[in-house]
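K.L.:
Following is a predicted model, sequence given first.
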Amino acid sequence: MNLKLFLERQTSKCLSELGLDNSALVKQSSRPEHGQYQANGVMGAAKKTGQNPRQLASDLASLLQEKNDPNNFELEVAGPGFINFTLSGEFLSKTLHDLEKDPRLGVSLDKKRKILADYSSPNLAKEMHIGHLRSTTIGDACSRILEFLGHEVVRVNHVGDWGSQFGSLLAYMDKLSEAESNLGSELKDLELFYKKATELFKEDENFAKSAREYVVKLQSEDPQCMKLWSQFIAESLDHCQNVYERLGVALKKENTVAESFYNNQLNAVITDLESAGLITLSDGAKCVFLDAGKGRDGEPTPAIVQKSDGGFPYIATDLAATKYRSKALQVDDALYFVDARQALHFKDLFKIAKRAGFIDGNQNFVHIANGIILNKEGKPYKTREGGAVKLAEVIDESISRAKLIVSEKASEMPDEEQKRISELVGIGSIKYAELSKNRTTDYVFDWDQMLSFDGNTAPYLMYAYTRIRGIINNSGVPSDKNKNRFNLTDRSEVKLALKLVQFTESVEAVVEDYNPNLLCNYLFELAQIFMAFYEHCPVNSSEQATKESRIHLCDLTGRVLKKGLELLGIEVLERM
RNA sequence: GCGCUGGUAGCUCAGCUGGAUAGAGCAUCUGGCUACGAACCAGAAGGUCGGGGGUUCGACUCCCUCCCAGCGCGCCA
């Protein structure tokens, strides 16, 4: 049961019986002295009708008492008109007992929707770097959570596999194959490959000429060119897939729908825009003028959907994608997990798509913007200039740092197990570092910070889990559920119990605006509360009834931690 | 020039549709391993929430203005 929702409904119902249609605005209390939940809506409601807020709060409290089982919670009217709720131990214990029997841990299913999640979406011309981490981890976590809530999630990796940037790469491949170099091994380091190709482009006239010709060949789908291109793309996709697998990201190759997939739909898109009367010809380019945008010169700026040379800029591809997602896939929602610099692009894109009838009014196409990762100087990494830390490198470094600690703290464990622990701790740390931050703010990349294993980090949560497993394994108590109710006597038991029943509140909060950091906050707080409980309340040395109640509390905490971390895409260990 | 983000403790960040005395982590200081696992716990210290106005019972949150930083704005993706 969602306690917050329960109290909100009860209170709002009573409020409306008093003739007021305001929401009760029930929230988790800001401080323990104010109970466990508080209703903030009374003051606003009183203001509307000119009543005395204290009086209204007190009337409302009486009505609430009357309509509810008096054994459920105590009420207190406080301050200018707050109502504070304190749940009874028995009510909490009962709620917890229900939670224990529920494989979904109190999280109910939503009305099912078909939701497309477009995330990661790297450019295949280059190796994945640190900048791709946000979209990838946030998109993945949100997808997992939406699935858990019962939605059909269509994962899409909209990779960049087309455009003029491939000219140099293909020309370089051509050059290498002529020189009979080992193309395969050259391609292993995509970053270096890209760098060499761009350098040649700058320095070598002939090469530059060849590169430009390859752009044309690519557009006309020249067979020899397409062969090289396919080889390159396959190599690059393998690289991405390798990163996803190492990171434990649920993207599969079959989730890839590359830009080139839409090539044969682009002309139709332009025709659609023309028949919708949206196209204006300007300097030979086909443009859509939107009311809002003004450029540097104060003139309205168009979105160019077809260049004067007949080529298509990426908004054309994206328009084709919205149409495809809407009409062919028939999604209810489409979430684009892409960095905030694209905000204007998506604003234009969705506006045009709506006007052209690609998206209908019931569909939500929305840009879930994430902040960008900055370098030490506080500047964004420029993809085109390179220099961004490779994602594969971050993974390697994190695992090797974890290895160092594991070999020190768990030297008695077999090498295989140490290796496995290092991997999960290393990967978990990276993902948690990313997910626990607010999605929208930019942050400076720092090795030590991202790969820290102390405090509010993945290892802390994983460690809490191993402590729980340790207790349970030593307890000798069989893990059959449906036991008696919890016996919550110590304050730290009550705190833990309350936190556990709030799991559903945090999961639901995430999808309200796609903020996985809210779940991270919750899990960290849960682990902290558990740690305090662990210090205060002996489990296995307590007398039988207390021991059993506490074992169940531990077990439930473990289940919530495991589930929560799983929703973030992080695995737990039995010991570490 | 216009637009979009953001500015909270020494550092990195939370702060949930306006709610009660602004919270964590790291770093610093003090205490705790013959103890269900010290990747931990208990405690201390640390703040004009960028500045200034305004709205109201109440503002980190909403409005205005200014300052600072980053990003975006006609043929790159």
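P.N.:
Structure received. Note that the coordinates shown come from a computational prediction; the quantities given were computed from them, not determined experimentally. Numbers count the residues shown, from 1 in each chain, chains lettered A, B, ... in the order given.
K.L.:
Same question for the residue nearest to A:Ala353 when sequence neighbours are not counted, what's its three-state structure.
P.N.:
Leaving out its chain neighbours, the residue that sits closest to A:Ala353 by C-beta to C-beta, 6 or more residues apart in numbering is A:Thr322, at 4.3 Å. Heads up, the C-betas are built off the backbone N, CA and C, glycines and all. Three-state assignment for A:Thr322 (DSSP: H, G, I helix; E, B strand; the rest coil): helix.
K.L.:
hang on, A:Thr322 packs against A:Lys354?
P.N.:
No - using C-beta atoms under 8 Å as the test, A:Thr322 is too far from A:Lys354 to be in contact (9.1 Å).
K.L.:
for the residue nearest to A:Ala353, what are its contacts?
P.N.:
Neighbour list for A:Thr322: A:334, A:349-350, A:353, A:358-359, A:365 [criterion: C-beta atoms under 8 Å, 6 or more residues apart in numbering].
K.L.:
10 Å instead, please
P.N.:
By C-beta atoms under 10 Å, 6 or more residues apart in numbering, the contact list for A:Thr322 reads A:269, A:334, A:336, A:349-350, A:352-354, A:356, A:358-359, A:363, A:365.
K.L.:
Work out for me the element A:Lys286 sits within.
P.N.:
Secondary structure assignment for A:Lys286, by DSSP states H and E: strand A:285-294.
K.L.:
how's chain A carved up into domains?
P.N.:
Using automatic domain parsing, the domain ranges for chain A come out as A:3-87, A:165-250, A:391-568.
K.L.:
what about those domains, which gets the closest to RNA strand B?
P.N.:
For RNA strand B, the closest of those is domain A:391-568, at 2.1 Å, according to C-beta to the nearest atom of the strand.
K.L.:
Pretty sure A:Glu17 sits against A:Leu60.
P.N.:
Yes - between A:Glu17 and A:Leu60 there is a contact under C-beta atoms under 10 Å: 9.2 Å.
K.L.:
higher neighbour count, these two?
P.N.:
Applying other C-beta atoms under 10 Å to A:Glu17 and A:Leu60 shows that A:Leu60 carries more neighbours, namely 26 against 11.
K.L.:
Nearest spatial neighbour of that one, chain-adjacent residues omitted?
P.N.:
Per C-beta to C-beta, 6+ apart, closest to A:Leu60 is A:Cys14, 5.6 Å.
K.L.:
which neighbours do A:Thr322 and A:Lys354 share?
P.N.:
A:363, A:365.
K.L.:
Between the two ends of stretch A:113-122, how far is it?
P.N.:
27 Å (C-alpha to C-alpha, to the nearest Å).
K.L.:
Can that stretch be said to contact RNA strand B?
P.N.:
No - Stretch A:113-122 lies out of reach of RNA strand B by C-beta under 7 Å from any atom of the strand, never closer than 9.3 Å.
K.L.:
quick one: contacts for the closest residue to A:Arg355 other than its chain neighbours?
P.N.:
Excluding the flanking residues, the one nearest A:Arg355 by C-beta to C-beta, 6+ apart is A:Leu278, at 5.9 Å. Counting by C-beta under 10 Å, 6+ apart, A:Leu278 makes contact with A:270, A:272, A:286-290, A:303, A:305, A:352, A:355-356.
K.L.:
8 Å instead, please
P.N.:
Contacts of A:Leu278 by C-beta under 8 Å, 6+ apart are A:288, A:352, A:355-356.
K.L.:
Those residues of the stretch 201-350 of chain A touching RNA strand B, which are they?
P.N.:
Within the stretch 201-350 of chain A, the positions near RNA strand B by C-beta under 7 Å from any atom of the strand are A:259, A:282-285, A:287, A:293-302, A:304, A:307-309, A:311-314, A:317, A:340-345.
K.L.:
hmm, 6 Å instead?
P.N.:
Residues of the stretch 201-350 of chain A lying close to RNA strand B by C-beta under 6 Å from any atom of the strand are A:259, A:282-285, A:287, A:293-299, A:301-302, A:304, A:307-308, A:311, A:313-314, A:340-341, A:343-344.
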